[in-house]
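J.: I need the structure of the sequence given here:
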Amino acid sequence: MIASRLFFAAACISTPHPGSIVLDKNRTNVLGTHLIRCSEGTGFYRDGYCASGPEDRGVHVVCSEVTKAFLDFSKHQGNDLVNPLPEIQFKGLKPGDRWCLCADRWQEANLHHVAPPVILEATHERALSVIRAQDLQSNCPRQ
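T.: Reported below is the predicted structural model:
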């Protein structure tokens, strides 16, 4: 069961990313509305959505706009997200890119004060089983 949805997040609604206005009417975000696309080629299924299924052990459900601080932290933790890995069709990330992050890694980064901003409309509701709603909301971009 999902812990609690974010009801007072209107101040956190982000500027749509190119291509992100496409809705997935079969999946729900942390706001309780239809999940929107995070960015092309991301997500466990590489369909652009931060959706997850039972085979996704990493729970890749948090749509974030990565920062240099987060990328450095992730690399230090053993997950280099900067350098490309062509064998798995991974181009590498740079600050400002949107990517579906593992909920546990985002939470770990949050505890170390380097969590990247969260795009709530594109973050799957499953994130709420790992991350407190108020932590997600406090890390969304402000307009």
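
J.: Helices of the chain, start to end?
T.: 68-76, 103-111, 133-138 (DSSP state H).

J.: Of the ones you listed, which stretch is the most buried?
T.: helix 103-111 (a mean of 19; mean count of other Cβ atoms under 10 Å). C-beta coordinates here come from the backbone N, C-alpha and C atoms, glycine included.

J.: And for that helix, what's in contact with it?
T.: Applying Cβ atoms under 8 Å, 6 or more residues apart in numbering, the contact partners of helix 103-111 are 58-62, 64, 70, 73-74, 77, 79, 115-116, 118, 126-127, 129-131, 135, 139.

J.: What's the local residue count around the residue nearest to residue 27 when sequence neighbours are not counted?
T.: Using Cβ to Cβ, 6 or more residues apart in numbering and skipping the chain neighbours, the partner closest in space to residue 27 is residue 35 (4.1 Å). Neighbours of residue 35 under the rule other Cβ atoms under 10 Å: 25.

J.: Likewise for residue 116?
T.: 28.

J.: residues touching it, list them.
T.: By Cβ under 8 Å, 6+ apart, the neighbours of residue 116 are 64, 65, 66, 67, 69, 70, 101, 106, 109, 139.

J.: Report the separation between it and residue 141.
T.: Look at residue 116 and residue 141: by Cβ to Cβ, to the nearest Å, they are 10 Å apart.

J.: Give me the pLDDT value at the residue lying farthest from the centre of the chain.
T.: Distance from the C-alpha centroid of the chain, by Cα atoms, centre = their mean, peaks at residue 87 (22.9 Å). At residue 87, the pLDDT value in this model is 88.

J.: Contact partners for the closest residue to residue 65 other than its chain neighbours?
T.: Counting by Cβ to Cβ, 6+ apart, residue 117 is the residue found nearest to residue 65 once chain neighbours are left out, at 4.9 Å. Taking Cβ under 8 Å, 6+ apart as the criterion, residue 117 is in contact with 64, 65, 67, 139, 140, 141.

J.: Let me have the residues you listed in JSON lines, adding neighbour count as columns.
T.: Output for the contacts of residue 117, formatted as JSON lines (neighbours: other Cβ atoms under 10 Å):
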{"residue": "64", "neighbour count": "26"}
{"residue": "65", "neighbour count": "20"}
{"residue": "67", "neighbour count": "17"}
{"residue": "139", "neighbour count": "19"}
{"residue": "140", "neighbour count": "22"}
{"residue": "141", "neighbour count": "15"}
